[in-house]
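> got a predicted structure here, sequence first:
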Amino acid sequence: MPALDPLRARNEDPYEMFWVDHYDYFLQHGYLLRPRYQPDWAPARLQPENKQQARWAIILGGFEDELTSYQACLLDATRYGDGRKVVIKRAKKPDYAMLRHLNNPELSSDPKNHAIPLLDSFPIPNDDHIFVILPFMQVFCRPQFHCRKEFAEACRQIFEGLAFMHEKNIAHGDACTANFLMDCTEVYPQGYHWAKPHTTDGLRTTVPHVLRCQVATPVRYYITDFEGALSFPEGKQHALAKGSFCQIKTSPEWHSRAPYNPFLLDVYNVGATFLALCECNDSDDCDHLLGVEDFQPLFLSMTATNPSDRPTMAQCLDSLESFIASKDADWLDGLLTKHESLQLRDKLVEREGLWVKFSKLIPFC
């Protein structure tokens with residue numbers, strides 16, 4: 001339930017106040033934050049003309065300006081001039097340095113490079129971080145993949161992007177669902193709300209989408225978050241790293257304090273990410289799909305317990321492309337479905353948005 005005093009709730013949150021404190025600074029650089037982050041924000045709930053709506057806020061969906069970002073280092077914004085929606089990231093210097101390197105003209109011109117584009121950057125006053133401006137995207141597995149062809153192409157591009165990084169002797173370090181993104185410009189022609197992604201307006205308007213396989217321009221997938229990326233000019237074969245800060249915590253490397261090869265850990269993490277799409281488990285990061293079981297042997301080989309038994313990322317890409325080439329159009333066009341519990345969740349989201357308000361009452365949300 002929204003706070004009765006939304007202004008106080010915002011002002012007592014240090015993460016939100018960080019963005020409020022930099023509101024004018026973003027304006028100077030050509031970026032506009034949502035009304036909630038204006039220093040002189042007057043909550044819509046407290047305005048006399050909205051008194052009646054405020055009484056029914058929990059049913060009618062509340063007010064858009066009460067939606068927080070829930071992320072300390074990321075926030076949406078609008079770029080002046082062309083009105084483009086972007087994302088502002090408070091990036092650590094290693095993340096920024098690798099992002100800038102992967103966006104240099106020589107590397108960014110290679111279609112195998114799937115590093116997220118760097119649109120702009122500027123220093124943060126009295127802070128050792130950097131503000132970077134990134135395209136407004138969606139996690140790679142939203143909306144649900146419609147057919148095997150869509151799933152295969154997402155997998156292929158992400159494999160290609162990691163293989164490209166490895167070719168340049170760069171290990172990502174945190175390959176996972178949250179760091180695989182999709183250019184959703186044509187998939188969500190009306191866009192979506194940053195703080196309430198299943199809506200266009202942050203209230204009750206459900207987001208319409210176009211199937212990936214039906215958009216005019218092929219969907220492109222990207223890799224982001226290079227905070228844990230490591231470069232090994234001497235090559236991949238004997239590369240060693242210590243400590244693992246990745247979000248996937250099932251690998252042997254995660255549970256061991258011994259040095260490990262970060263390139264083989266990338267292979268494990270990518271395999272585990274896609275394997276989770278094929279298996280119904282307790283994770284709610286992605287949909288658990290029925291119809292992609294034939295991809296599992298490759299993903300299982302990538303998650304071998306012994307790192308030396310895992311294929312390289314280049315070998316994974318070759319195996320995937322050969323597998324896809326062996327299938328006919330009818331197989332690739334085969335529709336994918338979800339686990340029954342996820343179908344129930346999606347119906348509730350589309351019709352009432354109830355799982356957002358009462359998520360603890362609905363399983364698998």
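Now that the structure is in, tell me what you want to look at.
> do a quick rundown of the helices in the stretch 251-365 of the chain.
Shown for the stretch 251-365 of the chain, the helices assigned by DSSP state H, counting those that start in this stretch span residues 252-255, 262-278, 296-302, 313-325, 329-332, 340-351, 354-357.
> tell me how many other residues crowd the closest residue to residue 125 other than its chain neighbours.
If the residues on either side of it in the chain are set aside, residue 125 comes closest to residue 25, at 7.0 Å by CB to CB, 6 or more residues apart in numbering. All C-beta atoms are positioned from the backbone trio N, CA, C, and that covers glycine. Burial of residue 25 is recorded as 13 neighbouring residues (other CB atoms under 10 Å).
> what does the one 4 residues further on give?
Neighbour count of residue 29, defined by other CB under 10 Å: 16.
> phi, psi of it?
phi -100, psi 0 (degrees, to the nearest 10).
> cool, and residue 75?
Taking degrees, to the nearest 10 as the convention, residue 75 sits at phi -150, psi 150.
> so it touches residue 68, yeah?
No. Counting by CB atoms under 8 Å, residue 75 does not reach residue 68; the two are 9.7 Å apart.
> one step back: figure out which of the helices of the stretch 251-365 of the chain is closest to residue 144.
Residue 144 lies closest, by CB to CB, to one member of these: helix 340-351, at 7.9 Å.
> quick revisit: you'd agree the residue nearest to residue 125 is in a strand?
No. Assigned with DSSP: H, G, I helix; E, B strand; the rest coil, residue 25 falls outside any strand and is helix.
> state the distance from it to residue 265.
Counting by CB to CB, to the nearest Å, the separation of residue 25 from residue 265 is 38 Å.
> Provide the contact partners of stretch 73-93 at residue level.
18-19, 26, 30-34, 37, 69, 72, 99, 119, 124, 127-137, 191, 194-195, 227 (CB atoms under 8 Å, 6 or more residues apart in numbering).
> which of these fall within helices?
Using DSSP state H, the subset of the contacts of stretch 73-93 located in helices is 18-19, 26, 99.
> of the residues you listed, buried ones?
When these are checked for burial by 16 or more other CB atoms under 10 Å, the buried set is 18-19, 26, 99.
> let me have these in JSON lines, extended by distance to residue 338 and pLDDT.
Shown next, in JSON lines, are these (distance: CB to CB, whole Å; pLDDT from 0 to 100):
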{"residue": "18", "distance to residue 338": "37", "pLDDT": "95"}
{"residue": "19", "distance to residue 338": "35", "pLDDT": "96"}
{"residue": "26", "distance to residue 338": "39", "pLDDT": "98"}
{"residue": "99", "distance to residue 338": "34", "pLDDT": "98"}
